[in-house]
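Student: Sequence first, then the predicted structure:
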Protein chains: 2
Amino acid sequence: MTSEAVNPGSVRPGGRTARVRSAVLRAAGDALAEHGLTGLDLADVARRAEVGRTTVYRRWGTPVALVADLLADMAEQSLPRTETGTLLGDLRANARLVQRTLADPRQGALFKAVIAAATCDTGAATALHRFYETRVSEWVPCARQAVERGELPGGTDAREVVRAVSAPLYYRLLTTGEPLDEAAADRAADAAAAAARAGAFVTPTD
Amino acid sequence: MTSEAVNPGSVRPGGRTARVRSAVLRAAGDALAEHGLTGLDLADVARRAEVGRTTVYRRWGTPVALVADLLADMAEQSLPRTETGTLLGDLRANARLVQRTLADPRQGALFKAVIAAATCDTGAATALHRFYETRVSEWVPCARQAVERGELPGGTDAREVVRAVSAPLYYRLLTTGEPLDEAAADRAADAAAAAARAGAFVTPTD
């Protein structure tokens, strides 16, 4: 979900196969960010990655399969959560991370493209759901620990607290032309914290 | 934004041109809901609408231009807001309307498709932003009146309150495979109301 998470500049384990995958996914991310889903072409990705076209066709087959693998890779590389000691501190750190990622021209375009891909194809949708599942799970302890510290009421659905931080930022990205600035990030975190404290995310027991 | 708003079953004013537009936009909505943006084809839309292919090509030219016109039409037909007399009542009515629309198979697929179109094309993006601008404006008085009634603090950004209701529902639709049920709608409304009461949407005056 972060700049680092989807800019695989780091050295990866594995031999040639892993290097090829890394180069191809990097190229696919670039192509998606530049031209969107409709401009994603396997031959172009092969050229950008300096990998044989046959390799790309044989291993991924379709643009959507390539998007699904890119999402799996993004999930694997998702950064660990921040731990500040308070609910608001943790949610603000999370919101700023999402905001920086979505406000980044390459990353913002890439996220728009993978969300668009998920609307067209069930394989890409499954991969997208898994990515967000991984991401949300990483941050769930923030809300759980806030319950233990007495900052949030018992029975609070930790996943919903984490999702409440991201939702307004994605909604702003997708439905408005307005900038995703730090004020938007802090507002998202503050709103999620206030709603959680008021018990809006307590799961009904009936 | 509602079932009625994008199911143009009602009689429209205007002569043949208006009838052709109505039939074509209805067909475009059906095609988008069935096959997504990548399956939107002008010849197929003409066939479904029982309108000459040349008419469709001449008037709309590209699939994306057709999506932009569909969004303009959806904005024109957006239903008036509900007025219940309390902030929570108004926000819950709004959330249930959004939830019913997005949970409807045809409408949910249609909204996913137009959001995907907006990620690929600036014309579609502008039309999508205008649609949500119209929709948010319609519901803004709920939050303004809540400030006048003393339910919300002065300086509350009414647009952000309205957006906070929709955001978690769209986020759930786009990033999870989980059902969009009435519980999700009520939680979205309750969270937005709680955050607004706590002052999370008060615009800083500095």
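Tutor: Arrived safely, thanks for sending.

Student: What residues does residue A:44 make contact with?
Tutor: The contact partners of residue A:44, taken as Cβ atoms under 8 Å, 6 or more residues apart in numbering or on different chains, are residue A:31. The C-beta positions use only the backbone N, C-alpha and C, and glycine is treated the same way.

Student: Residue A:151 and residue A:87 touch, don't they?
Tutor: Yes - the pair residue A:151 and residue A:87 qualifies as a contact (Cβ atoms under 8 Å) at a distance of 4.7 Å.

Student: higher neighbour count, those two?
Tutor: In terms of neighbours (other Cβ atoms under 10 Å in any protein chain shown), residue A:87 is the more surrounded of residue A:151 and residue A:87; the figures are 22 against 16.

Student: I figured that one was touching residue A:146, is that so?
Tutor: Yes - with contact taken as Cβ under 8 Å, residue A:87 and residue A:146 are classed as touching, separated by 3.9 Å.

Student: what touches both of those two?
Tutor: When contacts are counted by Cβ under 8 Å, 6+ apart, residue A:87 and residue A:146 have A:152, A:196 as shared neighbours.

Student: Just checking the distance from the top helix by length along chain A to the centre of its chain.
Tutor: With DSSP state H setting the assignment, residue counts place helix A:122-148 as the longest helix in chain A. Computed by Cα atoms, centre = their mean, to the nearest Å, the chain-centroid distance of helix A:122-148 equals 10 Å.

Student: domain ranges for chain A?
Tutor: If you go by automatic domain parsing, the domain ranges for chain A are A:3-66, A:78-197.

Student: any idea of the mean pLDDT in the shortest one?
Tutor: Average pLDDT, domain A:3-66: 84.

Student: List phi and psi for residue A:202.
Tutor: Recorded main-chain torsions at residue A:202 are phi -70, psi 130, according to degrees, to the nearest 10.

Student: List the contacts of it.
Tutor: Residues counted as contacts of residue A:202 (Cβ under 8 Å, 6+ apart) are A:153, A:154, A:155, A:156, A:157.

Student: Give me whichever of the domains of chain A is most buried.
Tutor: For these, the largest average neighbour count (mean count of other Cβ atoms under 10 Å in any protein chain shown) is found in domain A:78-197, namely a mean of 20.

Student: close to chain B, is that one?
Tutor: Yes - taking Cβ under 8 Å from any Cβ of the partner chain as the criterion, domain A:78-197 and chain B are in contact, through A:112-113, A:115-116, A:118-120, A:125-126, A:128-129, A:132-133, A:160, A:163-164, A:166-168, A:170-172, A:174-177, A:183, A:187, A:190-192, A:194-195, A:197.

Student: quick one on the thing from earlier: please convert the domains of chain A to a markdown table, extending it with distance to residue B:15.
Tutor: Conversion of these to a markdown table gives the following (distance: least, Cβ to Cβ, whole Å):
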| stretch | distance to residue B:15 |
| --- | --- |
| domain A:3-66 | 36 |
| domain A:78-197 | 34 |
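
Student: Where do the helices of chain A begin and end?
Tutor: For chain A, applying DSSP H gives helices covering A:3-6, A:16-35, A:42-49, A:53-60, A:63-76, A:87-103, A:105-120, A:122-148, A:158-175, A:182-197.

Student: can you tell me which of these comes nearest to residue B:50?
Tutor: Proximity of those to residue B:50 was assessed by Cβ to Cβ; the nearest stretch is helix A:105-120, lying at 26.8 Å.

Student: coming back round to it: distance to residue A:39 added to the contacts of residue A:202, as a markdown table?
Tutor: Shown next, in a markdown table, are these (distance: Cβ to Cβ, whole Å):
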| residue | distance to residue A:39 |
| --- | --- |
| A:153 | 48 |
| A:154 | 49 |
| A:155 | 47 |
| A:156 | 43 |
| A:157 | 39 |
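
Student: Quick check: of those, which lies closest to residue A:140?
Tutor: Set against residue A:140, the nearest of those by Cβ to Cβ is residue A:157 (9.7 Å).

Student: List the residues that contact the closest one.
Tutor: Contact analysis of residue A:157 by Cβ under 8 Å, 6+ apart lists A:201, A:202, A:203.

Student: hmm, try it at 6 Å
Tutor: In this structure, residue A:157 makes contact with A:201, A:203, judged by Cβ atoms under 6 Å, 6 or more residues apart in numbering or on different chains.

Student: Equivalent analysis for residue A:185, please.
Tutor: A:95, A:96, A:99.

Student: Pull up the gap between it and chain B, please.
Tutor: 13 Å (Cβ to the nearest Cβ, to the nearest Å).

Student: repeat for residue A:17
Tutor: With distances taken as Cβ to the nearest Cβ, residue A:17 is found 30 Å from chain B.

Student: what do you get for residue A:205?
Tutor: Looking at residue A:205 against chain B, where the rule is Cβ to the nearest Cβ, the gap reads 13 Å.

Student: and that residue, how many neighbours?
Tutor: 5.

Student: How about residue A:69?
Tutor: By other Cβ under 10 Å, the burial measure for residue A:69, its neighbour count, is 18.

Student: quick one: it from residue A:16, how far?
Tutor: 17 Å (Cβ to Cβ, to the nearest Å).

Student: repeat for residue A:197
Tutor: Taking Cβ to Cβ as the measure, residue A:197 falls 52 Å from residue A:16.

Student: go on, residue A:42?
Tutor: Separation of residue A:42 from residue A:16 (Cβ to Cβ) stands at 19 Å.

Student: and the gap between residue A:200 and residue B:95?
Tutor: Applying Cβ to Cβ, the value for residue A:200 to residue B:95 is 12 Å.

Student: Same check on residue A:198?
Tutor: Counting by Cβ to Cβ - residue A:198 and residue B:95 are separated by 16 Å.

Student: repeat for residue A:160
Tutor: With the distance defined as Cβ to Cβ, residue A:160 ends up 14 Å from residue B:95.

Student: Check residue A:176 too.
Tutor: From residue A:176 over to residue B:95 (counting by Cβ to Cβ), the distance is 19 Å.

Student: Residue A:180 now?
Tutor: Taking Cβ to Cβ, one finds residue A:180 at 23 Å from residue B:95.
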